[in-house]
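Chemist: A predicted structure for the sequence below; I have some questions about it.
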Amino acid sequence: MMYFWIILLAGIVWAVWHFGKKNGDFSFGKKKDSPIDILKHRFAKGEITEEEYEERRAALKEGE
């Protein structure tokens, strides 16, 4: 009977880990990027222009 509970608990832990990882809900100590960091990454990738970058950066600085 004890093996049943161990296997059940292990299955629950695995399911939570597996589906949490798949959905991106768990960060497990990963540092979340700040809005400024995200903006810098988008500019570096070429997703936004320099004008958009400057406008959005100014807007974020105002909100602080």
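Modeler: Right, received. Where do you want to start? Residues are numbered from 1 along each chain as shown.
Chemist: where in the chain is pLDDT low?
Modeler: Across the chain, residues meeting the criterion (pLDDT under 70) sit at 20-31.
Chemist: repeat that with 80
Modeler: Applying pLDDT under 80 to the chain flags the ranges 17-32, 63-64.
Chemist: So D33: helix, strand or coil?
Modeler: Under DSSP: H, G, I helix; E, B strand; the rest coil, D33 falls in the coil class.
Chemist: again with W17
Modeler: Three-state assignment for W17 (three-state DSSP): helix.
Chemist: now do E55
Modeler: Of the three states, E55 takes helix under three-state DSSP.
Chemist: How many neighbouring residues does L39 have?
Modeler: 19 (other Cβ atoms under 10 Å). Placement of C-beta: from N, CA and C, glycine included.
Chemist: State the helix or strand in which it lies.
Modeler: For L39, the element it lies in under DSSP states H and E is helix 35-45.
Chemist: got the contact list for that helix?
Modeler: 33, 48, 50, 53, 56-57, 60 (Cβ atoms under 8 Å, 6 or more residues apart in numbering).
Chemist: Quick check: the two most widely separated of those?
Modeler: The most widely separated members of the contacts of helix 35-45, counting by Cβ to Cβ, are D33 and E50 (20.2 Å).
Chemist: any idea how far E51 is from A58?
Modeler: 11 Å (Cβ to Cβ, to the nearest Å).
Chemist: Buried ones from the contacts of helix 35-45, can you make that a ChimeraX selection?
Modeler: Listed next is the ChimeraX selection for buried residues among these, using 16 or more other Cβ atoms under 10 Å:
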select :53,56
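Chemist: Distance to W5 added to the contacts of helix 35-45, as TSV?
Modeler: Formatted as TSV, the contacts of helix 35-45 follow (distance: Cβ to Cβ, whole Å):
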residue	distance to W5
D33	41
I48	53
E50	60
Y53	55
R56	53
R57	54
L60	50
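Chemist: Tell me the one among the contacts of helix 35-45 nearest to W14.
Modeler: Using Cβ to Cβ, the contacts of helix 35-45 come closest to W14 at D33, 28.8 Å.
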